[in-house]
Every structure is written in structure tokens, then in C-alpha cells.
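In: Next come a sequence and a model predicted from it.
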Amino acid sequence: MSSSILNLFSYKEGIHRAFEEGRITDADQYVPESGEMRFSNHISWEINGIHYEGGLSFTNTRPLFHGIRLALDHFRGEPLTFLELGPGAGNACYELYCLAKTMHIDAEIHTASYTPVNPYMPLLCSGNELLASFSSNPHLKIMEKCSHGCSWYILDEDVFRMPAEALGQIYGKLDEPYIHHQYIGYYPKNMDLPSAGFDIIYDMFGPLHRKDVGSIVDAYSRLSEKGVLFFVFHERYEPGKIMLEGAQRRSTPIFDKRDTVVVDTKNYLAMVARENNPLALRFRKKFESKFQTVVADDMVDFLRWLHGNP
């Protein structure tokens, strides 16, 4: 890759390099649908002879969930395998990569997504910070504004037309890849993912946010013995109904009864910690509960409470 240049060609060149290094695996018979790709595809990409227009948007540049930062503290000094489902442009993975470095955690990061990212050219900012960088760009499209923010989109070719100085605040360059391996396709269909062994599986509005309960069960099955699963659910889809019902009954049957399941009923976020996970062990030390599933008004507040002194 042309490491001294930030442009769309060098971005795609880094992806091809990762393919050649065996860091990207395509699922068998992967034929994406244009509707599915509209706001998830962070770059213009050609798959099976079909061109998909891409760019950065409010959906594929979400920041790393703050609760992950708190959860990481329980893995200090240990190797960690991390899987993000639906990483978008990869910025949350890069946040985790940088956090793990500062916390001296040997993290191996994997992703499962529609399209690959260049693991040598990370997106340096996310969400509102990224939107601010594009505020004066005439090609920025604001689709909807609301009290929680706005929906926006900008084509990749318009991003890479920005002046070099501005672009250098958006994309960086690395000598080593921040993502160890990428699996491309529709999760979990025909994906050659490891069958188990992930210490953290993370999904913020990715495939686990859909209607398929089987995707959640599949992700859960890939956790290590000390693993933890974080995901956002849709309250009107079947997985969300199962999680909210589990919160009421204090038991979620799709998970092992020895797990610790926390359901944030305000933000529709769930945490599933295996029996030997450090978060589950700490929870049982601080709070003697006979129930598998507990309710949290806010997941970050719950994790802060868990992180505090016994």
C-alpha cells in the first residue's frame, strides 16, 4: 500500500493487501442485496460483478459503547479475543485497539461484516465528531434532524477529495493491522468463523438487531468460557421480545441458567456474561441474586456500579 498517501485507491489497496495476507475471508455464495447495503457499505465496492455505492454515514461510524471500556478493565494483563458483528467503517474496533494498547491488553480483533475495511488505514473519529469534520463539505447530505442528533451520509469519493490536511484528521496509517481477521458475508450464513473462543462479542445495531433469534444463539455459542456478549436489540422483533420477557421473568431460556444476563430496558441493550466471566463473578460477589436475568435502567451505570468497590 502507498503508506504516504491517503486516497480511495490506497484505501482499497490496503484491503487487497489484507486479502493477500489471508486476513479476509469471504463467505460462500455471498450475494448482497442493494437495500441491505445502502447505509452499511462504507466504501464503494464491487461484489460478484455488482457495484455498490458507499460512503460514511451515521449508521456505520458509531463510537465504541462506553461500557466496553469498563468491561475491558477486567481483562487487564490477559490475552483477549474480540469479535465485532457489523463493524461498519471499523472505527469502534480501532477505539478498542487503542484502548487495549494503553491498558496493556493483548487483544486480537475479528469482525464479521458486509464489506471489508482497510486494517492499515483506520478511521480516527466517529459519530458527531466525524460529522463536525464534514460540516463545511458541500457534499454532506443531512437526511433527518431530531433531538437525538441527525441522519447523515457522504460518499467515499467526496471524503477522499478533501484537502490532505483535513483528510489526515479523519484517516490514519498503521504499520500493523488493527483488525486481525475479517469475515465477509451475511452473519452467520456460511461464515467460516471460529466455533468458539471469543472473550467479547460486540454488536451495536448489527446483525443481532434484526429479527433472527438464531443469530443471537449463534453469537452466544461462540463465546469462550469467560466470554461476554453485548448487543442492542429491537423491542418489536422476536429477539427483543425474548429479552424483555426474560427481564420480567428473571430468566432468559436461550442462555444457560448459570449465566448472568443483564437487560437495559431503557436503551434496549443486553449483556450476557458466562459463568466464569470476570463481570459475572464480580456481580455474584457484590449482589447475591438467585435469578439468572436482572434489569438495569442503564447499562453504563450498571457497569460503573459493578466496577466500583465491593
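Out: That came through fine. Residues are numbered from 1 along each chain as shown.
In: ok, Thr59 touching His209?
Out: No - applying C-beta atoms under 8 Å, one finds Thr59 not in contact with His209, separated by 10.7 Å. Bear in mind the C-beta positions are built from the backbone N, C-alpha and C, glycine included.
In: who has more neighbours, these two?
Out: His209 (21 against 17; other C-beta atoms under 10 Å).
In: Let me see the confidence value for that one.
Out: We have a pLDDT of 91 for His209.
In: next one: Phe19
Out: Residue-level pLDDT assigned to Phe19 equals 92.
In: helix, strand or coil for it?
Out: Under DSSP: H, G, I helix; E, B strand; the rest coil, the three-state class of Phe19 is helix.
In: Can you get me a residue count around it?
Out: Neighbour number of Phe19 under other C-beta under 10 Å is 15.
In: With Ala166 as the reference, measure out to it.
Out: 29 Å (C-beta to C-beta, to the nearest Å).
In: do Ser215 as well
Out: Remark: distance between Ser215 and Ala166 (C-beta to C-beta) = 38 Å.
In: All the helices of the stretch 1-150 of the chain, residue numbers only.
Out: 8-20, 34-37, 66-72, 91-102, 127-133 (DSSP state H, counting those that start in this stretch).
In: one step back: okay, Ser215 and Ala166: which has more neighbours?
Out: Ser215 (22 against 13).
In: tell me the mean pLDDT over the strand or helix carrying that one?
Out: Using DSSP states H and E, Ser215 falls within helix 213-221. For helix 213-221, mean pLDDT rounds to 95.
In: what packs against the helix or strand just after that helix?
Out: Note on helix 213-221: by DSSP H and E, the next helix or strand toward the C-terminus is strand 223-232. The helices and strands touching strand 223-232, judged by 3 or more C-beta pairs under 8 Å, 6 or more residues apart in numbering; DSSP states H and E, are helix 66-72, strand 198-203, helix 213-221, strand 269-273, helix 278-286.
In: Need the residues that contact the third one.
Out: Okay, so that is helix 213-221. 85, 187-188, 195-196, 201, 203, 207-208, 229, 231, 238-239, 242, 254-255, 272 (C-beta atoms under 8 Å, 6 or more residues apart in numbering).
In: and that helix, which residues are buried?
Out: Counting neighbours by 16 or more other C-beta atoms under 10 Å, one finds that the buried residues in helix 213-221 are 213, 215-216, 218-220.
In: Over to stretch 251-263?
Out: Quick answer for stretch 251-263 (16+ other C-beta under 10 Å): 252, 255, 259-263.
In: Same question for stretch 136-144.
Out: Using 16+ other C-beta under 10 Å as the test for burial, stretch 136-144 gives Leu140.
In: From start to finish, how long is it in a straight line?
Out: End-to-end span of stretch 136-144 (C-alpha to C-alpha, to the nearest Å): 17 Å.
In: What of stretch 50-60?
Out: One end of stretch 50-60 sits 21 Å from the other (C-alpha to C-alpha).
In: Just give me how far it sits from the chain centre.
Out: 16 Å (C-alpha atoms, centre = their mean, to the nearest Å).
In: What of stretch 229-238?
Out: Worked out by C-alpha atoms, centre = their mean, stretch 229-238 lies 14 Å from the chain centre.
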